[in-house]
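> A predicted structure for the sequence below; I have some questions about it.
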Amino acid sequence: MHNVFISYHHENDQCYKNSLLDINNQHKVFLDGSVNTNDIDESLSDERIKEIIRDEYLRTTTVTILLVGVETKKRKHVDWEIYSSMFDGVINKKSGILVVNLPTINCLNFTAVHENEKEVLYPKVTRWTTITDRSEYESRYPYMPERIIDNLLKTEAKISVVNWDTFVSDVNKMRFIIDATFKAKSTCVYDLSKPLRRNNS
């Protein structure tokens, strides 16, 4: 099993994290290393919170699952978690990143980048489209954090986007995509050029 960090908007989407952990408790798909509500004191400075996320939570995880809901892209801590997951540091090394679209955003689009992913997760899909334009990604994924879109445009980043129902409906598919994300992390080259988000919006 891989050590997984779950990044999400705590106020809006806690129920989805709880559901994911319930499934994991039953089927032992991954080891949870994510931050729980109230784990980090919000009164701490931004720098200290980033340091805690980076050095105490992400240090031991190898895959980051980003749950995307209606407000996720506006949250500064989510952006810091994505950045820290992509950053190949001395203490914590870069992680593989998997994006899961939550039902609240009503997204029907998905992106498959790993070997055999199309066959395993989407056996009934026979036609695929390659996207190279930012505006097209923004149109398909209006709730996606900008840093993720930066990296969807970068083929070396190897980030897949899966919808919640596909992800949780079959634990074998869940195991496959988490493992594929883990295996790709060492060769991922992420785009970290965007400045860190300073405020929620």
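The structure has been received and is ready for your questions. Numbering: from 1, shown residues only.
> Now do the helices in the chain.
10-27, 46-52, 76-86, 117-121, 134-140, 146-152, 164-168, 171-184 (DSSP state H).
> tell me, which of these is the model least confident about?
Mean pLDDT values for those show the minimum at helix 46-52, a mean of 72.
> what's the distance between that one and the middle of its chain?
Centroid separation between helix 46-52 and its chain, computed with Cα atoms, centre = their mean, to the nearest Å, is 20 Å.
> Test of understanding: give the bridge partners of the residue nearest the centre of the chain.
Most central in the chain under Cα atoms, centre = their mean is Leu66, positioned 2.5 Å from the mean C-alpha point. Using DSSP bridges, the beta-bridge partners of Leu66 come out as Ser7, Val99.
> From Asn101, how far off is it?
According to Cβ to Cβ, to the nearest Å, Leu66 and Asn101 sit 10 Å apart. C-betas here are computed from N, CA, C, even on glycine.
> Counting neighbours, which bits of stretch 24-38 end up buried?
The neighbour-count criterion (16 or more other Cβ atoms under 10 Å) identifies Asn24, Val29, Phe30, Asp32, Gly33, Ser34, Val35 as the buried residues of stretch 24-38.
> Can you check the pLDDT for Arg54?
Confidence score, pLDDT, at Arg54: 69.
> ok, Ala112 touching Ser160?
Yes - with contact defined as Cβ atoms under 8 Å, Ala112 reaches Ser160; the gap is 5.7 Å.
> circling back: closest one to Thr62 among the helices of the chain?
Ranking the helices of the chain by proximity to Thr62 (Cβ to Cβ) places helix 171-184 first, at 5.6 Å.
> could I get that closest one in CSV with only the CA atoms?
Output in CSV follows, covering the C-alpha atoms of helix 171-184 (Å, rounded to 0.1, in the frame of the first residue of the first chain):
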residue,chain,number,x,y,z
VAL,A,171,-11.6,-0.8,-5.3
ASN,A,172,-9.6,-2.6,-8.0
LYS,A,173,-9.7,0.5,-10.2
MET,A,174,-8.8,2.6,-7.2
ARG,A,175,-5.8,0.5,-6.4
PHE,A,176,-4.7,0.6,-10.0
ILE,A,177,-4.8,4.3,-10.4
ILE,A,178,-3.2,5.0,-7.1
ASP,A,179,-0.4,2.6,-8.0
ALA,A,180,0.0,4.0,-11.5
THR,A,181,0.3,7.5,-10.0
PHE,A,182,2.9,6.3,-7.6
LYS,A,183,4.9,4.6,-10.3
ALA,A,184,5.0,7.7,-12.4
